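**Student:** Turn this into a structure:
(4 chains)
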2 protein chains.
Amino acid sequence: MPELKLRQVSQLPPLQAIRVFEAVARHLSFTKAAGELGMTQAAASYQIKLLEERVGAPLFLRRPRQIVLTEAGQRMAPAVSEAFALLGGAYAAARSGADGVLCVSTLLTFASNWLAQHLGSFQVAHPSLAVRLDTSNRLVDFAREDIDIAIRSGGGNWPGVEVHKLFNADFTPMLSPKLAATIGGVNEPADLLRLPILDPGDVWWRDWFIAAGLPVEELAKRPGSSMGAQAYEANAAIAGQGVAIVTAALFKAELADGRLIQPFDLVGDDGHAYWLVYPQARRNVPKIRAFREWILAEIAGQ
Amino acid sequence: MPELKLRQVSQLPPLQAIRVFEAVARHLSFTKAAGELGMTQAAASYQIKLLEERVGAPLFLRRPRQIVLTEAGQRMAPAVSEAFALLGGAYAAARSGADGVLCVSTLLTFASNWLAQHLGSFQVAHPSLAVRLDTSNRLVDFAREDIDIAIRSGGGNWPGVEVHKLFNADFTPMLSPKLAATIGGVNEPADLLRLPILDPGDVWWRDWFIAAGLPVEELAKRPGSSMGAQAYEANAAIAGQGVAIVTAALFKAELADGRLIQPFDLVGDDGHAYWLVYPQARRNVPKIRAFREWILAEIAGQ
DNA sequence: ACGGCCCATAAGGAGGACTTATGCCTGAAC
DNA sequence: GTTCAGGCATAAGTCCTCCTTATGGGCCGT
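**Tutor:** Model prediction:
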């Protein structure tokens, strides 16, 4: 489509030449403008000549000691300067603005049971960074959602993204001390069979029963209600409605203050883990780097 | 100076990429924007990717059926569009504005004796073109004066400029009929010796005397006052103060209405001529082309 | 008169931008 | 459900723009 190209080209002059023109018009010197732009005087001369040919009129008068704007140049200079100021502003706004808000996509459970208690220290460390949490269990697609960084669980093998393991998604039974007391305490795995099991359809129960040497058939008999998220299941457990099977690392606070107890050291592990995930191409973006370094240090430090 | 370059580059993003971004943001389509810019979709994709890496954040979310601006993109788009509108306006203003005023540098004599009587028809033919006359006898330098086109006399061999011969700078004696009557009419060259000669030091007189077979020594005796310009000399002749030697083509009106008479057909010619002159590079600028075509037709037509 | 400053020009080279070709994904239509 | 079409991404290759180095010319100041 050569005619289209021609039309376009005639609509707008070469941008590089205009950028040079703007600098030259400000300095009224080819040499100084070239210096500001980080190129040689010859390059500036070349670009101005190009632009003058395109405009169809000289833009500068070459006087012995300095140059001055022609009438045409004077008409052009102010608007061009303003346009570049706008452009610079827009660019800076996009850059810094992008640095000012960090969009984190996270799993519901992780948000309520880990981030909620730790995020404060990140905010303190980076007061200029606003964090926007996007809570969902979908697998985020960085190309089609406005997300900077995500926390996911799974095998950790996703293409095109950088991953850091936070901790294993292990699992172990938990219940409220009050519920345990109703049967005189939970001392060995078999004791669990005398209590209601929240979401017995969860494969984690099956794995753990096998590991604990309990009969798996017990699970099938039970009435099940899938909770969907560990946080919900844990809440039910805290309320004393039954035994939950969850990731211990996410409930340190509940274990510490006695709302939940972990009766056995035995934990199941299906190889899944919690991961920090972000696009490879953006690994050096400051806010992403900041969040990464913070969360890894936080995890390692506890 | 690599660090200088770096500084500059980080100040402003690649302009070509921004131009593409502006179009894409308007169309919300890589393909359509590429079409408008006269390039392929792949090129647009490439430029956007470049810009996104530079900004440090995605600018568009790639949704299946269309793309949408990210937060960063939204911040950037309006100002960028405005900047390009400004740029386009400035460019158009310089272009069309430059087309609106034609600066003609001309010799005093040519201005008062030829242009004054013909310029009207040019104005009528090009009502949107304002003509600014710059009258001087200096040899204009297009590089350091704001001049579009010039009329000069001389040999016609100037470098870097396009030249068109208007008419020969021939010369012949002229005087007022009243003065001629004081000696009973001027019938042969020798009659001139009985009349005062304006500016006898002019080399034209010497050439013409030789061509007419008159003794050159006569000229040396005479008291001379250089007039500087044919127009002044002719005015003195019209006032009856003496005989002038001027270019006949420039005094057609005076000859026609009898203010001056040309007693002899004999004209001198030193090879000089009147020329239309302008920079080669600007030969196709509309206003320059218009003036050239008009003046050549006007000269040819009389 | 001579050196310095500044711009113009020519030749040459490095890198960027664009094109072509192809693949992938998704949504719509049959 | 399957195929088709629309739209973007990616890879490889080519061309050309833009910049650099080098040099010359004009004018000013000392």
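
**Student:** Strands of the stretch 151-300 of chain A, start to end?
**Tutor:** Using DSSP state E, counting those that start in this stretch, the strands found in the stretch 151-300 of chain A span residues A:161-168, A:172-174, A:244-246, A:273-279.

**Student:** Note down every partner strand of the third one and its orientation.
**Tutor:** In the sheet containing strand A:244-246, the strands it pairs with under DSSP bridges are strand A:172-174 (antiparallel).

**Student:** The last one now?
**Tutor:** Strands flanking strand A:273-279 in the sheet, each with its direction: strand A:149-154 (antiparallel), strand A:161-168 (antiparallel) (DSSP bridges).

**Student:** what's the closest of those to residue A:176?
**Tutor:** Closest approach to residue A:176 among the strands paired with strand A:273-279 (CB to CB): strand A:161-168, 23.8 Å. C-beta here means a position set from N, CA and C on the backbone, and glycine is covered the same way.

**Student:** So is the closest one next to DNA strand D?
**Tutor:** No - Strand A:161-168 lies out of reach of DNA strand D by CB under 7 Å from any atom of the strand, never closer than 12.1 Å.

**Student:** how far does that strand sit from the chain's center?
**Tutor:** Remark: strand A:161-168 is offset 13 Å from the chain centroid, using CA atoms, centre = their mean, to the nearest Å.

**Student:** any idea which residue sits dead centre in chain A?
**Tutor:** Nearest to the geometric centre of chain A sits residue A:149, at 1.6 Å (CA atoms, centre = their mean).

**Student:** Does it touch residue A:275 like I think?
**Tutor:** No - contact between residue A:149 and residue A:275 fails when scored by CB atoms under 8 Å: they sit 10.9 Å apart.

**Student:** Going by neighbour count, which residues of the longest helix along chain A are buried?
**Tutor:** The residue-count maximum for a helix in chain A (DSSP state H) belongs to helix A:71-100. By neighbour count with 16 or more other CB atoms under 10 Å in any protein chain shown, helix A:71-100 contains the buried residues A:71-73, A:75-77, A:79-84, A:86-87, A:90-91, A:94-95, A:97-99.

**Student:** now swap in stretch A:235-255 and tell me
**Tutor:** Those buried within stretch A:235-255 under the rule 16+ other CB under 10 Å are A:235-238, A:242-251, A:254.

**Student:** Please apply the same query to stretch A:180-190.
**Tutor:** Of the residues in stretch A:180-190, A:180, A:186, A:189 count as buried by neighbour count, 16+ other CB under 10 Å.

**Student:** Among those residues, name the ones in helices.
**Tutor:** Secondary structure assignment by DSSP H places residue A:180 of those in helices.

**Student:** Looking at the buried residues of stretch A:180-190, which is nearest DNA strand D?
**Tutor:** Ranked by distance to DNA strand D (CB to the nearest atom of the strand), the buried residues of stretch A:180-190 are led by residue A:189 at 43.3 Å.

**Student:** Just the local confidence number for that closest one, please.
**Tutor:** Reported pLDDT at residue A:189 in the predicted model: 94.

**Student:** Mind listing what's buried along stretch A:113-131?
**Tutor:** Neighbour counts over stretch A:113-131 (16+ other CB under 10 Å) mark A:113-115, A:119, A:122, A:126, A:129, A:131 as buried.

**Student:** what does it rub up against?
**Tutor:** Residues outside stretch A:113-131 that contact it (CB atoms under 8 Å, 6 or more residues apart in numbering or on different chains) are A:99-102, A:104, A:106, A:133, A:230-231, A:234, A:249-251, A:253, A:287, A:290-291, A:294-295, A:298.

**Student:** Alpha carbons of it, in PDB - could you do that?
**Tutor:** Output of stretch A:113-131 as PDB, limited to C-alpha atoms (Å, rounded to 0.1, in the frame of the first residue of the first chain):
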ATOM      1  CA  ASN A 113      -4.700 -16.000  56.300                       C
ATOM      2  CA  TRP A 114      -1.300 -14.700  55.400                       C
ATOM      3  CA  LEU A 115      -1.300 -11.400  53.500                       C
ATOM      4  CA  ALA A 116      -3.800  -9.900  56.000                       C
ATOM      5  CA  GLN A 117      -1.200 -10.200  58.700                       C
ATOM      6  CA  HIS A 118       1.900  -9.400  56.800                       C
ATOM      7  CA  LEU A 119       1.000  -6.800  54.200                       C
ATOM      8  CA  GLY A 120       1.300  -4.100  56.800                       C
ATOM      9  CA  SER A 121       5.100  -4.400  57.000                       C
ATOM     10  CA  PHE A 122       5.300  -4.100  53.200                       C
ATOM     11  CA  GLN A 123       3.200  -0.900  53.200                       C
ATOM     12  CA  VAL A 124       5.500   0.500  55.900                       C
ATOM     13  CA  ALA A 125       8.600  -0.400  53.800                       C
ATOM     14  CA  HIS A 126       7.100   1.100  50.700                       C
ATOM     15  CA  PRO A 127       4.800   3.900  51.700                       C
ATOM     16  CA  SER A 128       4.500   5.200  48.100                       C
ATOM     17  CA  LEU A 129       3.200   1.900  46.700                       C
ATOM     18  CA  ALA A 130      -0.500   1.300  46.900                       C
ATOM     19  CA  VAL A 131      -1.500  -2.300  46.800                       C
END
